[in-house]
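>>> make a model of this:
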Amino acid sequence: MPILSLVHTKGGVAKTTSAMYLAAAGVSRGLDVVLVDADPQGSALEWAADARVDGPMPFPVVPASRPLTAERDRDLTIIDTPPGTAQVIQEAIDVADLVVVPTGASPLDVRRVWPTLEITAHRPTAVLLTSVDLRTRLADEVRALLEAEGVPVIGTPILRREDVRRAYGASPIRLHGYDDVLTELLEAMAHV
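Okay, here's the model as predicted:
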């Protein structure tokens, strides 16, 4: 079954948040989902552990085995990776059916996307715009810049929302567009 890897060489771009919300979106449509935390910091594992106070996550969050392998016993596997260029990032890229590169919607964020796109060039890859502020045109400019370079950009942007920023340690209930993002990703993987 499909494997999504969330990858970016930069930290703080919503990789873990996007992984958690995409997993919740998968469960909401009846998929058997597992989230694999390949980040040595264990952010997804910590998030899931903190969420147990109010009830467990609706999907398992497990530490990555090393070397990372393509286990396809679930309807959907989502891999959360660390920033940087660690070997585990390359392993996550290599096992993925689709690599998702979350990034903010600013010129500086886009400049930091290119090194990531270089290491994902051999796998199907799409950029997910996160923390989009609809009061500005930056997201449209960033999308146009990426698409002009032939980089696939997921159609649904993730808006800057306080609920999403405060979601750490809780099971995502409102999906804030991640359900639509997952629909696009599943459709894209069906054509890969």
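>>> following the lowest-mean-pLDDT helix or strand in the chain, which helix or strand comes up?
Every helix and strand of the chain was ranked by mean pLDDT, DSSP states H and E. The lowest is helix 162-165, at a mean of 60. Moving toward the C-terminus from helix 162-165, the first helix or strand encountered (DSSP states H and E) is helix 178-190.
>>> output that following helix as CSV, nothing but the C-alphas.
C-alpha atoms of helix 178-190 as CSV (Å, rounded to 0.1, in the frame of the first residue of the first chain):
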residue,chain,number,x,y,z
TYR,A,178,-5.5,18.2,5.2
ASP,A,179,-8.4,16.0,4.2
ASP,A,180,-8.4,17.7,0.8
VAL,A,181,-4.6,17.5,0.6
LEU,A,182,-4.8,13.7,1.3
THR,A,183,-7.3,13.4,-1.5
GLU,A,184,-4.9,15.0,-3.9
LEU,A,185,-2.0,12.9,-2.7
LEU,A,186,-3.9,9.6,-3.0
GLU,A,187,-5.1,10.6,-6.5
ALA,A,188,-1.5,11.5,-7.5
MET,A,189,-0.2,8.1,-6.2
ALA,A,190,-2.8,6.3,-8.2
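>>> what residues of it count as buried?
Buried residues in helix 178-190, defined by neighbour count with 16 or more other CB atoms under 10 Å: 178-182, 185-186, 188-189. Any C-beta I mention is one placed from the backbone N, CA and C, and that applies to glycine too.
>>> who touches that helix?
Outside helix 178-190, the residues that touch it by CB atoms under 8 Å, 6 or more residues apart in numbering are 2, 4, 18, 21-22, 24-26, 28-29, 76, 97-98, 100, 124, 126, 128, 152, 154-156, 158, 172.
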